[in-house]
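**Student:** Sequence and computational prediction follow.
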Amino acid sequence: MRTSLRRLQPWALAALIAVAVGSTLAGQGQAPPAAPGRGRAAGPPPAPPETQSGHPSGKLVIWGDLASFDVPGTLPTHCIQTNRFKRGQRVGFRMTAVDGGSGEVENTAVLVAHVKYAGSTIDVPMRWRGQGAFPAAEYPRQPSEMWTGVWVVPADAQPATLSYTVTATDRFNRTATFSPFINLVSQLAIVE
Amino acid sequence: MRRLSFTASVVLILVAGFHATAADARQSAPPAPATGTGTLIVYGDIAMFLPPGNPDNCILRNRFKRGDPVGFRMFVADPSTGKREESAQLVVHLTVAGKTVDLPMRYRATPAQPERQFWVAKWVVPQDTPTGIVRYTVSATDKYGRTGEFKPFEVQASQLTIVE
């Protein structure tokens, strides 16, 4: 076998390496940031998060809220909770994902917010905040339980109430969907 | 050459087979905790709880003035199903001026409004409350003795804050 491998043709070696690399990378879960405007730590894709022992167990559960992601961070409205946004404001989606059985954060989850706007659905990829830099003035520690995504209200948007959901998939192919509480007044709203 | 190709093919098949097995393991259904085990998952938000009909009733916010009604809205998920745990009992624990205030929550759904499948509690900010952040958590217990706790995201600007 060793002799055969030593004499293996280049094509076979390349195929072996490709399969092995594919096996290693498959299911690592956390997608790298891909969209612009996703926060100050955007840059090269971070390394995949480490495997968490005991996962998966139970259901994948996600939840979160809305906040103003106005920039710069020194603005008094930065990161305050609200569901009413004006044109040009940055709607911040903040979510967490939990491995139900362990109650721990499921850091391989990939989350996307889906905003229904002007007759179409806008997908807002979310970024796991457990990696990369974080502003210490805002966070007392690395916000490893949080995913964030930003959608900027278009300048020509009309006042309206918008619905949104957030979906998640983790490396174990568990899925989850979050919908905000149904009260109409609490929904994401564009105001004058 | 023919023998070599055969050997390479065998190796490829073995590696590919291992790869497929590993992928299958990752995609198999996760073991669900037995009924009544695990930790409850508690989550929710805070909103302005003004009287019905007021245009600001139920808007999301985290900054309140003295006299404002702070509304807590929570949901409790069973860890094995992800669905609402109906038997849960929830209490909001506020730390105000060095003291803890416990607010029992009530299940909001009624026969007339069955869609409101969450728990609520209201706290009117006392007039003597100092300005600044008011920390809070929400604890839950269900009929199986399971517990769970909610803490808001650890972001300073998002905390429940009393302002002038």
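**Tutor:** Okay, I see it.
**Student:** Could you pull up phi and psi at B:Leu103?
**Tutor:** Backbone geometry at B:Leu103, expressed as degrees, to the nearest 10, gives phi -120, psi 110.
**Student:** Next, the contact list for it, please.
**Tutor:** B:Phe72, B:Val91, B:Val92, B:His93, B:Leu94, B:Ala121, B:Lys122, B:Trp123 (Cβ atoms under 8 Å, 6 or more residues apart in numbering or on different chains). For every residue, glycine as well, the C-beta is placed using N, CA and C.
**Student:** can you do 7 Å?
**Tutor:** Contacts of B:Leu103 were listed using Cβ atoms under 7 Å, 6 or more residues apart in numbering or on different chains, and they are B:Val91, B:Val92, B:Leu94, B:Ala121, B:Trp123.
**Student:** Assign a three-state SS to the last one, would you?
**Tutor:** Counting by DSSP: H, G, I helix; E, B strand; the rest coil, the backbone at B:Trp123 sits in strand.
**Student:** Would you mind measuring from A:Pro140 to B:Phe153?
**Tutor:** Distance of A:Pro140 to B:Phe153, given as Cβ to Cβ, to the nearest Å: 11 Å.
**Student:** In contact with the spatially most central residue of chain B: list those residues for me.
**Tutor:** With distances taken as Cα atoms, centre = their mean, B:Tyr43 lies nearest the centre of chain B, 1.8 Å away. The neighbourhood of B:Tyr43, defined by Cβ under 7 Å, 6+ apart, consists of A:Trp63, B:Met74, B:Phe75, B:Phe150.
**Student:** Just say helix, strand or coil for A:Val150.
**Tutor:** strand.
**Student:** distance of it from chain B?
**Tutor:** Counting by Cβ to the nearest Cβ, to the nearest Å, the gap between A:Val150 and chain B amounts to 15 Å.
**Student:** Quick check, that residue in contact with A:Phe69.
**Tutor:** Yes. In this structure, A:Val150 sits in contact with A:Phe69. The criterion is Cβ atoms under 7 Å, and the distance is 5.2 Å.
**Student:** out of these two, which sits in the busier spot?
**Tutor:** When neighbours are counted by other Cβ atoms under 10 Å in any protein chain shown, A:Val150 and A:Phe69 differ, and A:Phe69 comes out ahead with 25 against 20.
**Student:** Tell me how far that one lies from B:Ile59.
**Tutor:** Using Cβ to Cβ, we find A:Phe69 at a distance of 18 Å from B:Ile59.
**Student:** Likewise for B:Ala47?
**Tutor:** Between B:Ala47 and B:Ile59 the computed distance is 6 Å (Cβ to Cβ).
**Student:** likewise B:Thr39?
**Tutor:** Summarising the geometry, the distance separating B:Thr39 from B:Ile59, computed by Cβ to Cβ, is 31 Å.
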